[in-house]
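Engineer: model the structure of this input:
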Amino acid sequence: MPLDICHPTAPHEKLRLPEWYVSSLMMDRALDAVVRRAKKLDRKHDIPYLAGYSLDGKTIYIDRHMPKSFKFRGRTIETDRFLILHEEVEKTLIDQLGLHYLHAHQIATRAEEAAVRAADIEWRAYDRFMQKYVKSIGDERLKKVPKDLDLKPYRDEHDDDLLWRMLKSVRAGKCPKGIHVHDLEEAIKSLRRHVRRHETAASERSAAIRRAAE
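Structural biologist: Next up is the predicted model:
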């Protein structure tokens, strides 16, 4: 039976293929569907951490110096599709489901890894190749950044509101027995100070990106 006429509702045993192959086939089709969803791909700018997306989600950005492929065991592996998958999943989870960036990023990374493995590529080899071209925040190579790049992924996402609610709860005596309230209160205060310092640094990094976009 030709693979291209496989119907998703058909029992897998009728395909006479190993279960892992069917899963890889479905993952590849899912990847293609997500890539087709991307309205615009831009490779003309410098993008922190290889890839990103516009504020409205209509443009996926991939760093202009990022090669479109690499060699793996004699095969030429095109990488754009995996980066597009990550950015599309992450942006959709943030905008449509209201997920925290760090949570959305974790899910998107798992999806990217699953797609890479489904293509019979070692994740370590893929990730090692990607890391060669990463431009971090403040990198002097960030000279041409798009003005509509969504900066949310580049901010240090800490939940100061959660820490404040924890502190209020401690002060109200709502903490487990045996816990020294004063020590816990001081620990939370210290953590909040640490978070605020990171937020200040994150704001400075975001400002640096905006200056590069001007």
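Engineer: got the contact list for the closest residue to E122 other than its chain neighbours?
Structural biologist: Distance criterion CB to CB, 6 or more residues apart in numbering; nearest residue to E122, sequence neighbours excluded, is F72 at 7.3 Å. Glycine gets a C-beta too; all of them are placed from N, C-alpha and C. Each residue near F72 by CB atoms under 8 Å, 6 or more residues apart in numbering is listed here: 121-122, 125-126.
Engineer: dump these into JSON lines; add neighbour count and pLDDT as well.
Structural biologist: Shown next, in JSON lines, are the contacts of F72 (neighbours: other CB atoms under 10 Å; pLDDT from 0 to 100):
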{"residue": "I121", "neighbour count": "19", "pLDDT": "95"}
{"residue": "E122", "neighbour count": "12", "pLDDT": "96"}
{"residue": "A125", "neighbour count": "15", "pLDDT": "96"}
{"residue": "Y126", "neighbour count": "21", "pLDDT": "96"}
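Engineer: closest to D46 out of those residues?
Structural biologist: The closest of the contacts of F72 to D46 turns out to be Y126 (CB to CB; 21.9 Å).
Engineer: the helix or strand encompassing that closest one - contacts with which helices or strands?
Structural biologist: When elements are assigned from DSSP states H and E, Y126 belongs to helix 123-131. Helix 123-131 sits against strand 69-72, helix 101-118, with contacts defined as 3 or more CB pairs under 8 Å, 6 or more residues apart in numbering; DSSP states H and E.
Engineer: direction included, what does the first one pair against?
Structural biologist: Pointing back at strand 69-72 there. Here strand 69-72 is paired, per DSSP bridges, with strand 75-78 (antiparallel).
Engineer: by mean pLDDT, show me the worst of the helices and strands packed on helix 123-131.
Structural biologist: Mean pLDDT values for the helices and strands packed on helix 123-131 show the minimum at helix 101-118, a mean of 91.
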